[in-house]
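>>> Predicted model and sequence below, questions to follow.
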Amino acid sequence: MHLSAPIIKVDAISKSFGAFKVLDGLSMQVMPREKLALIGPSGSGKTTILRILMTLERIDGGYIQIDGEQLYHMERNGQLVPADERHLARMRQKIGMVFQLFNLFPHKSVIDNVTLAPMLTKGMPRPAAEKRAMELLDMVGMADKAKAMPAQLSGGQKQRVAIARALALQPKIMLFDEVTSALDPELVEEVLNVLWRLCAETDMTMLLVTHEMGFAHDFADRVLFFDRGKIVEEGKPDEIFRHPKQERTQGFLKKIIAAGHRV
Amino acid sequence: MHLSAPIIKVDAISKSFGAFKVLDGLSMQVMPREKLALIGPSGSGKTTILRILMTLERIDGGYIQIDGEQLYHMERNGQLVPADERHLARMRQKIGMVFQLFNLFPHKSVIDNVTLAPMLTKGMPRPAAEKRAMELLDMVGMADKAKAMPAQLSGGQKQRVAIARALALQPKIMLFDEVTSALDPELVEEVLNVLWRLCAETDMTMLLVTHEMGFAHDFADRVLFFDRGKIVEEGKPDEIFRHPKQERTQGFLKKIIAAGHRV
Amino acid sequence: MTQWSGYLGLILQGALVTIELTLMGSVLALIMAFLAGMGRLSRFFVLRALATAYIEFFRGTSIFVQLFFAYFVLPLIGLELTPLQAGVLALGLNVGAYAAEVVRGAVQSIGREQHEACIALNLGRWQGLRHVILPQAFLVMLPTFGNNAIELLKATSVVSLISLADLTFQAQVVRAQTGNTMVPFATILVIYFVLALLISWGVRSLERRMARGLDGVRV
Amino acid sequence: MEWDWNFVWQIMPTLIQGVKITILATLLGSVLAAVVGLGIALARRSPNKALSRIVGWAAEFIRGTPLLVQLYFIFYVLPDIGILLPPLVAGVIGLGLHYGTYTAEVYRAGIDNVPRGQWEAAKACNLSARQTWTHIIIPQAIPPMIPALANYFIAMFKETPLLSAITVLELMNQAKSVANTYYRYIEPITLVGAFFLAISLCSVVLLRWLERRYGKIER
Amino acid sequence: ASIPGSADDSKLEQLKGQGFARVAIANEPPYTAVAADGKVSGAAPDVAREIFKRLGVADIVASISEYGAMIPGLQAGRFDVVTAGLFMKPERCAAVAYSEPVLCDAEAMLVKKGNPKGFKSYEDVAKDTSATIGAPGGGTEEKLALNAGVPRERVIVVPDGQSGLKMVQDGRIDAYSLPVLSINDLMKKANDPNLEVIAPVQGAPVYCDGAAFKKGDEALRDAFDVELVKMKKSGEFAKIIEPYGFSAAAAMSTTRDKLCAAK
Ligand SMILES: Nc1ncnc2c1ncn2[C@@H]1O[C@H](COP(=O)(O)OP(=O)(O)OP(=O)(O)O)[C@@H](O)[C@H]1O
Ligand SMILES: Nc1ncnc2c1ncn2[C@@H]1O[C@H](COP(=O)(O)OP(=O)(O)OP(=O)(O)O)[C@@H](O)[C@H]1O
Ligand SMILES: [Mg+2]
Ligand SMILES: [Mg+2]
């Protein structure tokens, strides 16, 4: 079907918190440049899979390949062994993440938030880092707030800065975890607009967890429906939203629509 | 219309918090044995008027008569002067209040919660106080939990104890401020049942702030609709709920009904 | 009439020693606080154990014992210290142990999400600490550090017991020379209080400066 | 200078005498600090502005100046105005006043932590101000602050060596006296240190238990 | 630090080299005095300063110390010599190396006017079971009192002369014991008609102090002795100490060997 190899290959991973099994033998593949929407009820494991890809959680079993390389394993003397911190740091260069609550550094100005990582992790000199940061801030429409502190920004503005910060490291894969759900309704729009631009102007692979069904529909190439740590259904947005095959998906969409969401 | 004199007579009172005027020249009268429901949107001043009657807040202007006596004023040398603490304490004997969050004394057992005030304020000996407390607890269906600590009770049980505690002082007037709105839905019923019994078995005057429109309708002799510190409309429950005259009242009821409340 | 002006000079000399002790002790305490505080958060058991032992030992034994030990016992095992060194060492290590717990608490108070943002931006452990966690944690520590510094200032008075000519000691000398008790002691009480006020004022203004722009964001 | 076990056994009874006085001073000081702290906390909440101001400043002053100097003051200066206190009494008063300013903060926090609804429920029950304090507020405020209070009492315990300055024969003074008699410092001071460490380590266990037992109140 | 046992001239050479000797003194006039400008004088330091000058050590650096801390401080190498009115006694002779006698003084007691308890000797204090006596901790008087049979709890360790005086004035102790000249100096400053001095205390020997050196520094001590003897002969010794009230004849009438052997 696809001509190139998948950039993310998740192979039968499992993950428990204590006795509670969140992911159980989950497998999925993502092709380069693909835009994926992850939807599903609360607690179904959407955030967990993104956090695993960002190496914020470890997996209990299974394998993950990113860009042809193992994420949590590395080869040593011809054997696969658990990855060390250096391997993880190298793999993390390929991945960026934007959080629901922005997680900006409150003690640094907007531009310092964006330049910090390139300067520290890539040794980029300050002038170059700032030039690039201003381009990114311009793209998210925050260039005029470069000197502001995060506390002086609205939620939507914070989220746009957080996106610029993640982009500054030029990752191949971007993970977005409910990036609009902490925002006041009138601020959601401005962040979604930035995502649209990103989608149009870059060739990054993007994984997006969202409850904005309308946006997921218009934006995604493919939709995965999660329930209890499993992918229950997947397909093109039109298939999933208009003609869900699974009962769980139908039930979920019905509830969402009842709550007034556009699909 | 009424044969007897009003037990509560509120005369042009006003109350501000800082620059914000919560009540502005409010007047109302309540007859003995009357059951009054106070409804209205959030922030309209319903709680504030109850708290003023309970002397938990002072008023900035106006007069309140309870049972023929001034509440916040007293006569001295033929002149009305602000009431002192002794006068307030005497007036408070006529009034009891039940709070949204119960406010039980967590370090005292259920029965001690009920006997504390009669023993301390009326010098009632312990055996008499406990006998009366058991009667009240029996009435609210909590006699078997007399020795329990509040932390061991469910919300509905706590609220029933709180009602018994307020009744123990035998007030002429009882104030209920959203006594069910902090409860899980399945526990609301048991508290409302107690209110029904109270209504039937005692001749207390009762003022009830509630968002349970159905209950307000069935329970109250008269309904007051508050908005922005004013009584916008008042009348018999059927008039208010079926044929509201004021636009504000109509709008409010429409919203409430849309949210699924029975009227 | 006693020459109070001359003896006031003596007391001011003592005040200088007290200030010197407080400053040097604070520097040592600050260093120890960060070493031990971060040690307690370390991934390595040995570091954690060392830090815990240091903290428990110095919080557990009295400052007097530490002071007398540093002054009278250490020389017997070949480590000779001047009274000033012994004073700074005992005060710094003692207060440092208390402040280490402040450092640990403050670092832990910085939410998990800041650590995760660091990982997501591929910052190394040390880079994240240095540029993201500690600058924020420091602001949390500051008020308590201020209290610690005042505790240290007050504790300097005990060095008079090892004959270091600090404020309290000079008051004793003036008392012996003049036969007056009230005046020297009242004077030094006021001086200590003024120094304590200076510390809390200094810490508060530093806190205000550092908190600029952070309003409403810190937890 | 070598460690001499015979000498240790010889001086042990004397040191135990000191231990008794140390513990006695701590217990009495704790009781006083608990009462004084409550007094200060209540005075600071008093509607009488002058009272709360004056008490506030006095507490600030006591907290900002060294206990050692305060002890000198109480013991040697107060007799000039006719207040003559035996050494142990003067010491206990010094400890109690000084630590009272700390416990006052604990009380303040404890009282502030009693929810406003409790005050209002007391009023709705028509309790008087006094009844509200004694039956509702204090009983709820005290248990959660027991661990914090205990913490200060342990700190006080470690400051009792200061009482040697006003001739109280507590542990440190006994140790010094022994050292002066035999010109040996290493054993007495080390024993004092070991003693303080032992008590402190025990008190950590006690504190943990208190925290579990009283740390939170179920509502 | 010098090595114990290697009694040679190295210590003196070292002091010459650094240009000063570290001297421990007490905070006890007239043995020592601190002027308003902070300059240290008094009989003991003046003698030491003169002798060290003659030995080629330009100056002395005096630090005030508690009596109890002097010998440990000397042993710990904190001072080179103690010149503080530390009286020679057999136990001390065993702990330090004394010079020939310098300052001699009898013991005295400070009591309330009229000597209400009729003390003449330390034994009198021991006999009166309610009597308390104050003395410097680790000082001669403490031991004299203990040896006379005063129980430990009635011998109050007083940190300094002023404190002792104050405690007698305040009635906290019945007697305070110090050498005669020290007590006289205290009396002069206090100028209190309600006090009285008992001097000398019966049965208490006349004591002489000497400069105390660390064991092992006997060579330095011997050099010191040579100059001391010369000064005694030339009369310069008397010129230095007699203005302070000490008797040169007393110091010249006895020797270290006699004092150290005394029972
Ligand atoms: N650190 C943790 N410890 C214990 N359980 C956890 C932890 N993190 C997540 N869980 C549990 O794992 C399950 C999946 O969580 P996850 O956050 O992935 O769900 P989600 O699909 O993102 O839900 P939502 O839409 O509410 O964000 C939930 O039941 C959650 O309670
Ligand atoms: N202590 C206070 N300080 C300042 N403003 C207050 C205070 N108490 C109440 N208010 C304000 O007064 C207004 C009326 O409050 P009140 O609690 O009486 O409303 P309410 O009708 O009971 O609303 P709800 O249905 O939400 O309980 C609100 O806007 C509230 O914010
Ligand atoms: Mg999630
Ligand atoms: Mg309300």
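Nice, I can see it. Ligands and ions are numbered 1, 2, ... in the order given.
>>> For C:V132, see how far away the residue nearest the centre of chain A is.
Computing the C-alpha centroid of chain A and ranking residues by C-alpha atoms, centre = their mean puts A:L175 first, at 1.1 Å. Separation of A:L175 from C:V132 (C-beta to C-beta, to the nearest Å): 20 Å. Using the backbone N, CA and C atoms, a C-beta is placed for each residue, glycine as well.
>>> and stretch C:180-197, which residues are buried?
Neighbour counts over stretch C:180-197 (16 or more other C-beta atoms under 10 Å in any protein chain shown) mark C:180-181, C:183-185, C:187-189, C:191-193, C:195-196 as buried.
>>> ok and the residue in chain E nearest chain D?
Of all residues in chain E, E:G138 sits closest to chain D, at 2.8 Å by C-beta to the nearest C-beta.
>>> residues contacting that residue?
Shown in contact with E:G138 (C-beta atoms under 8 Å, 6 or more residues apart in numbering or on different chains): D:176-177, D:179-181, E:66-71.
>>> try 6 Å this time
The contact partners of E:G138, taken as C-beta atoms under 6 Å, 6 or more residues apart in numbering or on different chains, are D:180, E:67-68.
>>> Closest one of those to B:L71?
E:G68 (73.1 Å; C-beta to C-beta).
>>> Just to check, that closest one is in contact with E:P136?
No - with contact defined as C-beta atoms under 6 Å, E:G68 does not reach E:P136; the gap is 7.9 Å.
>>> Neighbour count: the two, which is higher?
E:P136 (25 against 22; other C-beta atoms under 10 Å in any protein chain shown).
>>> Nearest residue to that one in space, please, no chain neighbours.
Leaving aside its sequence neighbours, E:P136 sits nearest to E:Y67 (C-beta to C-beta, 6 or more residues apart in numbering or on different chains; 4.9 Å).
>>> Could you measure from the residue nearest to the spatial centre of chain C over to D:V114?
Nearest to the geometric centre of chain C sits C:S26, at 3.7 Å (C-alpha atoms, centre = their mean). Using C-beta to C-beta, one obtains 37 Å as the distance from C:S26 to D:V114.
>>> One more: A:G40?
With distances taken as C-beta to C-beta, A:G40 is found 44 Å from D:V114.
>>> Only alpha carbons, please: show the lowest-mean-pLDDT helix or strand in chain D as PDB.
Ranking every helix and strand in chain D by mean pLDDT, DSSP states H and E puts helix D:171-182 at the bottom, with a mean of 81. Presented in PDB, the C-alpha positions along helix D:171-182 are these (Å, rounded to 0.1, in the frame of the first residue of the first chain):
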ATOM      1  CA  LEU D 171      24.300  17.900  80.600                       C
ATOM      2  CA  MET D 172      26.700  20.200  78.800                       C
ATOM      3  CA  ASN D 173      27.700  22.000  82.000                       C
ATOM      4  CA  GLN D 174      28.300  18.700  83.800                       C
ATOM      5  CA  ALA D 175      30.400  17.600  80.900                       C
ATOM      6  CA  LYS D 176      32.400  20.800  81.000                       C
ATOM      7  CA  SER D 177      32.800  20.500  84.700                       C
ATOM      8  CA  VAL D 178      34.100  17.000  84.300                       C
ATOM      9  CA  ALA D 179      36.400  18.100  81.600                       C
ATOM     10  CA  ASN D 180      37.800  20.900  83.700                       C
ATOM     11  CA  THR D 181      38.400  18.600  86.600                       C
ATOM     12  CA  TYR D 182      40.400  16.000  84.700                       C
END
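>>> other SSEs contacting that helix?
Judged by 3 or more C-beta pairs under 6 Å, 6 or more residues apart in numbering or on different chains; DSSP states H and E, helix D:171-182 is in contact with helix D:5-45, helix D:186-214.
>>> tell me what the first one is packed against?
Looking back up the chat, that one is helix D:5-45. In terms of contacts (3+ C-beta pairs under 6 Å, 6+ apart), helix D:5-45 is packed against helix D:49-64, helix D:87-112, helix D:138-159, helix D:171-182, helix D:186-214.
>>> give me phi/psi at the residue of chain D most remote from its centre?
For chain D, the residue at maximal distance from the C-alpha centroid (C-alpha atoms, centre = their mean) is D:A124, at 37.6 Å. In terms of degrees, to the nearest 10, the main-chain angles of D:A124 are phi -60, psi -30.
>>> What is the burial count for the nearest residue to it once chain neighbours are set aside?
In this structure, D:A124 finds its nearest non-sequential neighbour in B:M97, 4.3 Å apart by C-beta to C-beta, 6+ apart. By the measure other C-beta under 10 Å, the count of residues near B:M97 is 27.
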